[in-house]
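Peer 1: what shape does this take:
(one chain, ligands or ions: 1)
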Amino acid sequence: MSEEVLGSGSVINNWEILYKVDGKSYFCKCIHCGVERKVFNNQLRDTRINPIKARCRNCTKLKVGDEYVTNKGFKYKIEEYVSSTKVLIKFEPDDLCPDGYERYTTKYYINDGCIDYPFERSAAGIGYIGYLKKDFTANRSILDTWIKMIKRCYGPSEKDKAYTDCSVCEDWHNFYNFHRWYDKQKVNGFYQKGYQIDKDILHPDVKVYSPEHCRLVPEEINSFTNNVHCDSRKSNLPTGVSWKKRNNKYQVSIKSGYNTNKYLCLVSCPKEGYEIYKKEKLKSARKLADKWEGLVVPEIISALRNYKSPEWDWVANEYIKEVF
Ligand SMILES: [Zn+2]
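Peer 2: Have a look, this model is predicted:
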């Protein structure tokens, strides 16, 4: 089969023919960038090439210093071109990476725009992942725990009102750090599936989630201190004491188990009621300590054994804050 000879000046697949070199190739010029080089016959006549979209290699060459933006809007520059599958890029500096985060990616991802930036504050505008997805596989339930903790502190819903004055330590804004902490707790021998993160038992007045204050505990221990402040804000009475209009008395009750309230008695004086509540709370703390001894970290057990309900200020109608 004989092929038609391409005349000088004709344009085919974005190449302008300058002259014929030999039977196999022509010397051509790219109509986009003007680069001149030898192009093989079969490439010029390749019908799979889309003549509108096609660009020569020089047209798509990544140049050091060129600026791009990821699909999520993060700016970066080409730092070094090693090969099409290994391109070093550097993101614009931000508060987390003041020197600009560097990573490798490929030419394909650069053209696609789909490039991870591990310091994007994607959780409630505060939390960030902290690693490249190709480098680490996170445990789904640890991720859920972390997201809930961040949202509880920085994106509060109605349900989370009790946590609005809480925060997460900076180290844990980085999910990767939180994950490593969590993994360490799992191997300390005091962990079972389903344990939850608790920050209230060790230091009831500290409002910061951090490695110093948090431990993993069973739901039963976690709910022991949960929502103490929440109830009291509405009623102007300490947890455990509520006014019963029908009886014209104060009712004393204690949370037992997860969500049920155990009725204790009716009293005329709220102070007396709170003393009864505190005694009962002390008993259930000791019960929990006996039940979980050896199954949770020893400091939790001793915190339960030394548990003291917060004191109530009957004039200001609020808990007396202990100062650390
Ligand atoms: Zn070109």
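
Peer 1: so in that sheet, which strands flank the strand or helix carrying residue 252, and in what orientation?
Peer 2: Assigned by DSSP states H and E, residue 252 falls within strand 249-256. Each strand that pairs with strand 249-256, with its direction, by DSSP bridges: strand 241-244 (antiparallel), strand 260-267 (antiparallel).

Peer 1: got the contact list for the longest one?
Peer 2: Strand 260-267 has contacts (CB atoms under 8 Å, 6 or more residues apart in numbering) with 244, 247, 249-256, 273, 276-277, 280. The way it works is simple: take the backbone N, C-alpha and C, and place the C-beta from them, glycine included.

Peer 1: and the angle from the next helix or strand after it to strand 249-256?
Peer 2: Later in the chain than strand 260-267, the nearest helix or strand by DSSP H and E is helix 270-292. Inter-element angle recorded for helix 270-292 and strand 249-256: 10 degrees (by axes from the mean of the first three to the mean of the last three CA atoms, to 10 degrees).

Peer 1: which of the residues in helix 270-292 are buried?
Peer 2: Across helix 270-292, burial judged by 16 or more other CB atoms under 10 Å covers 270, 273-274, 276-278, 280-282, 284-285, 288-289, 292.

Peer 1: ok, now stretch 192-202?
Peer 2: 195-202.

Peer 1: could you tell me the end-to-end distance of that stretch?
Peer 2: 19 Å (CA to CA, to the nearest Å).

Peer 1: repeat for stretch 200-211
Peer 2: Start-to-end span of stretch 200-211 (CA to CA) is 13 Å.

Peer 1: which parts of that stretch are buried?
Peer 2: Within stretch 200-211, judged by 16+ other CB under 10 Å, the buried ones are 200-204, 206, 208-211.

Peer 1: for the stretch 1-150 of the chain, which segments are assigned as strands?
Peer 2: For the stretch 1-150 of the chain, the strands defined by DSSP state E, counting those that start in this stretch cover 11-12, 15-20, 25-30, 36-40, 67-69, 75-83, 86-91, 102-105.

Peer 1: contacts only, for residue 16.
Peer 2: Contacts of residue 16 (CB under 8 Å, 6+ apart): 9-10, 28-31.

Peer 1: ok, 10 Å please
Peer 2: 8-10, 26, 28-31, 34, 36 (CB atoms under 10 Å, 6 or more residues apart in numbering).

Peer 1: neighbour-wise, which of these leads?
Peer 2: Per-residue neighbour counts (other CB atoms under 10 Å) across the contacts of residue 16 peak at residue 28, which has 25 neighbours.

Peer 1: ok, now which ones touch that residue?
Peer 2: Residue 28 makes contact with 6, 11-19, 21, 35-39, 43-44, 56, according to CB under 10 Å, 6+ apart.

Peer 1: please check the residues you listed and keep the buried ones.
Peer 2: Among the contacts of residue 28, those classed as buried by 16+ other CB under 10 Å are 6, 12-18, 39, 44, 56.

Peer 1: export those to TSV and tack on distance to residue 88 and pLDDT?
Peer 2: Compiled in TSV, the buried ones among the contacts of residue 28 are given as follows (distance: CB to CB, whole Å; pLDDT from 0 to 100):
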residue	distance to residue 88	pLDDT
6	40	83
12	36	89
13	32	87
14	30	88
15	32	92
16	35	94
17	38	95
18	36	96
39	31	94
44	34	88
56	24	86
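
Peer 1: from the residues you listed, which is closest to the ion?
Peer 2: The closest of the buried ones among the contacts of residue 28 to the ion turns out to be residue 56 (CB to the ion; 3.4 Å).

Peer 1: if we ignore the residues flanking it in sequence, what's nearest the closest one?
Peer 2: Of all residues not flanking residue 56 in the chain, residue 30 sits nearest, at 4.3 Å (CB to CB, 6 or more residues apart in numbering).

Peer 1: same question for residue 181.
Peer 2: residue 211 (5.3 Å).

Peer 1: what residues does the one you found make contact with?
Peer 2: Residue 211 sits in contact with 169, 171-172, 177-178, 180-182, 184-185, where contact means CB under 10 Å, 6+ apart.
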